[in-house]
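Enquirer: model this:
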Amino acid sequence: MTATTDESSGATAPQPTSATTAQLTDTTPGAAAPPHTAAGRAIQRATDFLLARQDDRGWWKGDLDTNVTMDAEDLLLRQFLGIRDQATTEAAALFIRGEQREDGTWATFYGGPGELSTTIEAYVALRLAGDSPDDAHMAKASAWIRERGGIAESRVFTRIWLALFGWWKWDDLPELPPELIYFPKWMPLNIYDFGCWARQTIVPLTVVSAKRPVRPAPFPLDELHTDASDPNPAKPLAPVASWDGAFQRLDKVMHGYRKVALRRLRKAATNSAARWIVERQENDGCWGGIQPPAVYSVIALHLLGYDLEHPVLKAGLASLDRFAVWREDGARMIEACQSPVWDTCLATIALADAGLPADHPALVRAAEWMIAEQIDRPGDWSVRKPQLEPGGWAFEFDNDNYPDIDDTAEVVLALRRVKHPDKARVERAIERGVRWNLGMQSKNGAWAAFDVDNTSPFPNRLPFCDFGEVIDPPSADVTGHVVEMLAIEGHTRDPRTRRGIEWLLAEQEDSGAWFGRWGVNYVYGTGSVVPALTAAGLPASHPAIRRAVSWLESVQNEDGGWGEDLRSYRYEDWKGHGASTASQTGWALLALLAAGERESKAVERGVTYLAETQTEDGTWDEPYFTGTGFPWDFSINYHLYRQVFPLTALGRYVNGEPFSDKGAATKGS
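Expert: Numbers count the residues shown, from 1 in each chain. Next up, the predicted model:
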């Protein structure tokens, strides 16, 4: 890492100023450096870096790094469809090999432990690429897999991929009948009881489960079983009185039903599932803007007779190619999804709070692009909110079926910072976004990511659902962002906003922190909630704010930064602890600054950490994963997080809180 040479504690905070970035760093040679020189210069470098990376159309998008299962499954899909080519295979294998750890395993996040299913899928992908099981790196991986129980102990999704080639028996997988498509909305386990990402995946998998295809295996995988003659040793069922035991026995009933299912009903169900899938394909060919539903949708439709030249499949395969990131070394990484709307609104907020003028061309272009991305038609959310007018924003380039509440809140906050020449157009977009978010409030007063009241306890109990979250309950981080947006928009006294505030206060943990559902973890949750509560009028002296401040101060690292490892989702001792990162330090500072701690030692040390660890090109090194898809199970390294959150925090440190009488930022009106 290359540190900057500008060092200043910034101990004496100046009065908030509306200075631009250039003004912040304008010093006379030979004169004594004014306060905040280090922070100001860091802001200028970070601003320049971000401005240089804006697309001409107005958006930003950083790489979205997850784990090698995306790459392995891409090769398995191509093998299944008969379209795997040598160049793609070699590029994917180069990336997968580069992610292998010293112990022969693959992890799901940087610095994390080896993970069985990920290691199995990576191993199989390298076998497809021609790596021999006798190669040292392969032998080390297979030995580790056997030590942990082999394929039999892997998750259901991994065994489904293996079943496609006869490496696992379909009879030894949980049953997922396509007749689920006919379950009414009031019935438990209907498809709308699942979170949007899960239902998009489950519907096509019901077709795959019904068809049970097997393509010729290009090689055996005996080395991945503890006993190749008995690859799936019998296990006792959980007690019948337990939830797990009840659903295990329900799965046995479903296996029995398969044998007696009416052919006409099953055919009708698979055809209905196909219609459901096709109706939800986006204009760019993807499904939901994310890779897993696209992969399984392509397989399902292909099994139902759609050939590879059919417009639906052709567009679907083309969309999957757009998830590929080709690196300079020739490696090919597959993104699980792409985040341009999220990245653009966060970049807009960061630049505005850093002092860029509200009418700066970059901000106006960003606002123009975001306004054009607003979704004006109903989606799957309309099933439970049929009377609500559309008006949300999605996370991705194309995902009109699934706008999300978090993006909508942050886009509104971003638009409010920009002075756009068409003021009326901006106001209309904001009004529609606010109205949609208010309408997506759950019964408990909080907000989830995509759906309303998606809290059924049953989907997570299914034997099929052994990986990640399959429901979308409200979370503190999303609720915090919505409450902050509503407060800025003048809705603090609205009963719906008050209910959201009450829910947040009740969700604060004894430590003083809030759980982070979509970012790692308590640092993210706390960094999302405290600015919301203070924007909504809670004084810095409020007990909840003081407890949050105390907790953040207690987990600050010796180097002045903050960091939290993904293991905090599983282990109490990891909560708030981990190597310092730029993004998590930014989150902590946003909370402390909102709580009135600008002149505190903790803030001074945090700002100094950011200034001293910034690289010469204006960014920060951050190999650690600070984003969350599913807590613990699926983690994300958003490559733009290391840029936008430190810049936002530094900007607020120098310029003050936005939308306040003391702050530099004003509404773009």
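Enquirer: Every contact and neighbour count from this point should use C-alpha atoms.
Expert: Noted.
Enquirer: Helices of the stretch 201-350 of the chain, residue ranges please.
Expert: In the stretch 201-350 of the chain, the helices defined using DSSP state H, counting those that start in this stretch lie at 243-260, 263-279, 291-303, 311-321, 340-353.
Enquirer: I'd like the ones you listed as a markdown table, with mean neighbour count appended.
Expert: Shown next, in a markdown table, are those (neighbours: other C-alpha atoms under 10 Å):
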| stretch | mean neighbour count |
| --- | --- |
| helix 243-260 | 15 |
| helix 263-279 | 16 |
| helix 291-303 | 22 |
| helix 311-321 | 18 |
| helix 340-353 | 27 |
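Enquirer: Do a quick rundown of the strands in the stretch 501-650 of the chain.
Expert: Per DSSP state E, counting those that start in this stretch, the stretch 501-650 of the chain carries strands over the ranges 627-630, 634-638.
Enquirer: Tell me which of those strands sits most buried.
Expert: strand 634-638 (a mean of 22; mean count of other C-alpha atoms under 10 Å).
Enquirer: List the strands paired with it, with their directions.
Expert: Strand 634-638 has the following strand partners under DSSP bridges: strand 64-65 (antiparallel), strand 627-630 (antiparallel).
Enquirer: mind checking how far the first one is from the chain centre?
Expert: Computed by C-alpha atoms, centre = their mean, to the nearest Å, the chain-centroid distance of strand 64-65 equals 9 Å.
Enquirer: what's next to it, contact-wise?
Expert: By C-alpha atoms under 8 Å, 6 or more residues apart in numbering, the residues outside strand 64-65 that reach it are Glu335, Ala336, Cys337, Gln338, Ser339, Ile636, Asn637, Tyr638, His639.
Enquirer: Next secondary structure element downstream of it?
Expert: Per DSSP states H and E, strand 64-65 leads on to helix 69-81 as the next helix or strand towards the C-terminus.
Enquirer: what packs against whichever helix or strand comes after that next one?
Expert: Next along the chain after helix 69-81, taking DSSP H and E as the criterion, comes helix 86-98. Where contact means 3 or more C-alpha pairs under 8 Å, 6 or more residues apart in numbering; DSSP states H and E, helix 86-98 is packed against helix 69-81, helix 116-128, strand 332-334.
Enquirer: Compare those and give me the one nearest Arg280.
Expert: Arg280 sits nearest to helix 69-81 of all the helices and strands packed on helix 86-98, at 20.6 Å, using C-alpha to C-alpha.
Enquirer: Of all the strands paired with strand 634-638, which one is nearest Tyr609?
Expert: Across those, Tyr609 has its closest neighbour in strand 627-630 (20.9 Å, C-alpha to C-alpha).
Enquirer: Now do that closest one: everything it contacts.
Expert: Gly468, Glu469, Arg517, Trp518, Gly519, Val520, Phe634, Ser635, Ile636, Asn637, Tyr638.
Enquirer: And for stretch 144-159?
Expert: Stretch 144-159 is contacted from outside by 104-105, 116-117, 119-121, 168, 173-174, 223-226, 231-233, 464-467, using C-alpha under 8 Å, 6+ apart.
Enquirer: quick revisit: export the contacts of strand 627-630 to CSV and tack on pLDDT and distance to Leu413?
Expert: CSV is the format used below for those (pLDDT from 0 to 100; distance: C-alpha to C-alpha, whole Å):
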residue, pLDDT, distance to Leu413
Gly468, 81, 30
Glu469, 89, 28
Arg517, 97, 21
Trp518, 98, 19
Gly519, 98, 19
Val520, 97, 22
Phe634, 94, 28
Ser635, 96, 26
Ile636, 97, 24
Asn637, 97, 23
Tyr638, 97, 20
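Enquirer: For these, give me JSON lines that also has distance to Arg416.
Expert: Output for the contacts of strand 627-630, formatted as JSON lines (distance: C-alpha to C-alpha, whole Å):
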{"residue": "Gly468", "distance to Arg416": "35"}
{"residue": "Glu469", "distance to Arg416": "33"}
{"residue": "Arg517", "distance to Arg416": "26"}
{"residue": "Trp518", "distance to Arg416": "24"}
{"residue": "Gly519", "distance to Arg416": "24"}
{"residue": "Val520", "distance to Arg416": "27"}
{"residue": "Phe634", "distance to Arg416": "33"}
{"residue": "Ser635", "distance to Arg416": "31"}
{"residue": "Ile636", "distance to Arg416": "28"}
{"residue": "Asn637", "distance to Arg416": "28"}
{"residue": "Tyr638", "distance to Arg416": "24"}
